[in-house]
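[1] Provided below are the primary sequence and the corresponding predicted coordinates.
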Amino acid sequence: MKRCVKCGIEKAASEFSKKKSSKDGLHSRCKACEKLYKEANKERYREQKKLYYEANKEQIREYAKLYNEANKERYREQRKLRYEANKERCREQMKLYREANKERYREHDKLRHAKESRRRDEIYIKARMKNGYTREEAVILRGIYKSTKRGEQNRDTCDQLFMAGLI
Ligand SMILES: [Zn+2]
């Protein structure tokens with residue numbers, strides 16, 4: 001048991017947070033009083049922390065870098081374990097998220113497909129142009145090629161039709 005210097009109530013040791021530098025290894029204020037004190041001085045704490053960070057920025061960053069580097073493997077292991085432990089939950093959440101944002105995903109997919117389609121068009125058109133077609137002709141050929149949906153098999157047919165002046 002220990003008496004808190006702030007509220008004067010005698011409390012169990014577990015009600016005090018640890019402090020290495022003190023004689024009994026505990027804070028003089030109980031946890032409840034400490035919380036109240038911190039709450040009341042929140043702004044001041046924040047300001048102090050900010051000032052400290054500003055003054056020691058370089059050093060803090062350097063230290064963090066070294067620390068992260070030294071603990072890289074451990075971090076990776078932790079991440080893996082965390083992932084393994086939460087895999088099912090993660091998947092479930094992802095599913096719910098997708099479900100909730102279905103429209104947005106669909107829109108995104110549509111844009112992606114349109115972009116891919118344009119890219120393929122361009123490849124086809126460039127290839128036709130290499131074979132001597134003008135861009136306009138190549139665009140027409142691409143349209144026919146796509147509308148037949150049978151792709152490869154109709155490519156030559158398209159070319160033949162075009163060369164025969166039938167399209
Ligand atoms: Zn207290």
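    Yep, that arrived. Bear in mind the structure is a predicted one, so any value in this text is a computation, not a measurement. Residues are numbered from 1 along each chain as shown.

[2] any idea how far residue 105 is from the residue sitting nearest the centre point of the chain?
    Geometric centre of the chain, nearest residue: residue 94, 12.9 Å, by CA atoms, centre = their mean. According to CB to CB, to the nearest Å, residue 94 stands 11 Å off from residue 105. Every C-beta, even on glycine, is put in place using the N, C-alpha and C of the backbone.

[3] what do you get for residue 147?
    28 Å.

[4] more crowded one of the two?
    Neighbours were counted for residue 147 and for residue 105 using other CB atoms under 10 Å; residue 105 has more, 13 against 9.

[5] Can you name the secondary structure element that comes next after the helix or strand hosting residue 121?
    Secondary structure from DSSP states H and E places residue 121 in helix 102-130. Next along the chain after helix 102-130, taking DSSP H and E as the criterion, comes helix 135-148.

[6] list the helices and strands that next one packs on?
    helix 102-130, helix 152-163 (3 or more CB pairs under 8 Å, 6 or more residues apart in numbering; DSSP states H and E).

[7] circling back to that earlier point, ok but the residue nearest to the centre of the chain is inside a helix, no?
    Yes: counting by DSSP: H, G, I helix; E, B strand; the rest coil, residue 94 is located in a helix.

[8] just to revisit the earlier point, can I get the helices and strands packed on helix 135-148 in a markdown table with mean pLDDT and distance to residue 12?
    What follows is these, written out as a markdown table (pLDDT from 0 to 100; distance: least, CB to CB, whole Å):
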| stretch | mean pLDDT | distance to residue 12 |
| --- | --- | --- |
| helix 102-130 | 91 | 53 |
| helix 152-163 | 60 | 81 |
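
[9] Output those in JSON lines; the columns should cover distance to residue 84.
    Shown next, in JSON lines, are these (distance: least, CB to CB, whole Å):
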{"stretch": "helix 102-130", "distance to residue 84": "27"}
{"stretch": "helix 152-163", "distance to residue 84": "45"}
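
[10] can you give me how far the helix holding residue 121 is from the chain middle?
    Mean-position distance between helix 102-130 and its chain equals 25 Å (CA atoms, centre = their mean, to the nearest Å).
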